[in-house]
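> Structural data only, the sequence is not supplied:
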């Protein structure tokens, strides 16, 4: 993709929080923690070499030491895993799409194992905007639907149902997705 479409430019222009200043309601991080209010907007890509794993029941869907954390103001990090570290046989492409004003158009994946299937449990960007080309084809999973771990620590899902952030003890919020947080 060579230029940013109008819909993305409009979406980018609406955000008032950019990580430049932590709002008064943000929690103060303790030593070893990060505030999601210090993350930038536009989001940054942060390589992460901790073990990241995703399970569906007893099936190991993905395991890597080469994930990217996408860090965006007000949201828990979203972990993207390289496609070579995801067991492709568990994934089934879906027709649904969504748009992110920062990364571009996402495609969705269902995850199927042991006779069970979860629709739209993962997503990826086949043709991201140039700033996010490093995660082209990488896959992220919804921790509300699957069992995800970072460095052996279980992940909690981001509040709400739309966003796919991974909440771990190392971050503090409050997090976008909670009631009243639509335009954070």
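Great, that's in hand. These figures come from a predicted structure and were not determined experimentally.
> Give me the secondary structure label for residue 144.
coil (DSSP: H, G, I helix; E, B strand; the rest coil).
> Let me see the backbone angles for the residue lying farthest from the centre of the chain.
The C-alpha centroid of the chain is most remote from residue 115, which lies 26.6 Å away (CA atoms, centre = their mean). Main-chain torsions, residue 115, degrees, to the nearest 10: phi 80, psi 10.
> give the contact list for the residue nearest to residue 92 when sequence neighbours are not counted.
With CB to CB, 6 or more residues apart in numbering as the criterion, residue 92 has its nearest non-adjacent residue at 4.5 Å, and that residue is residue 110. Where C-beta positions appear, they are placed from N, C-alpha and C, glycine not excepted. Counting by CB atoms under 8 Å, 6 or more residues apart in numbering, residue 110 touches 91, 92, 94, 117, 118, 119, 120, 121, 122.
> Residue 110 and residue 80, how far apart?
18 Å (CB to CB, to the nearest Å).
> Equivalent analysis for residue 42, please.
Plainly put, residue 42 is 16 Å away from residue 80 if you go by CB to CB.
> Residue 146 too?
14 Å.
> Equivalent analysis for residue 26, please.
Where residue 80 is concerned, residue 26 sits at a distance of 25 Å (CB to CB).
> can you check residue 38 too?
Distance from residue 38 to residue 80, by CB to CB: 20 Å.
> Not counting sequence-adjacent ones, nearest residue to the spatially most central residue of the chain?
Nearest to the geometric centre of the chain sits residue 78, at 2.4 Å (CA atoms, centre = their mean). Leaving aside its chain neighbours, residue 78 sits nearest to residue 70 (4.6 Å; criterion: CB to CB, 6+ apart).
> OK, contacts around that neighbour?
Shown in contact with residue 70 (CB under 8 Å, 6+ apart): 43, 44, 45, 46, 77, 78, 79, 80, 103, 132, 135.
> got CSV for the residues you listed, with secondary structure too?
Below are those laid out as CSV (three-state DSSP):
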residue, secondary structure
43, coil
44, strand
45, strand
46, strand
77, coil
78, strand
79, strand
80, strand
103, coil
132, helix
135, helix
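> Closest one of those residues to residue 177?
Lowest distance from residue 177 to those (CB to CB) belongs to residue 78, with 11.9 Å.
> contacting residues for the closest one?
By CB under 8 Å, 6+ apart, the neighbours of residue 78 are 69, 70, 72, 140, 163, 164, 165, 166.
> Was I right to think the last one contacts residue 148?
Yes: counting by CB atoms under 8 Å, residue 166 touches residue 148, with 6.1 Å between them.
> what's the overlap in contacts for the two?
By CB under 8 Å, 6+ apart, the residues touching both residue 166 and residue 148 are 79, 155.
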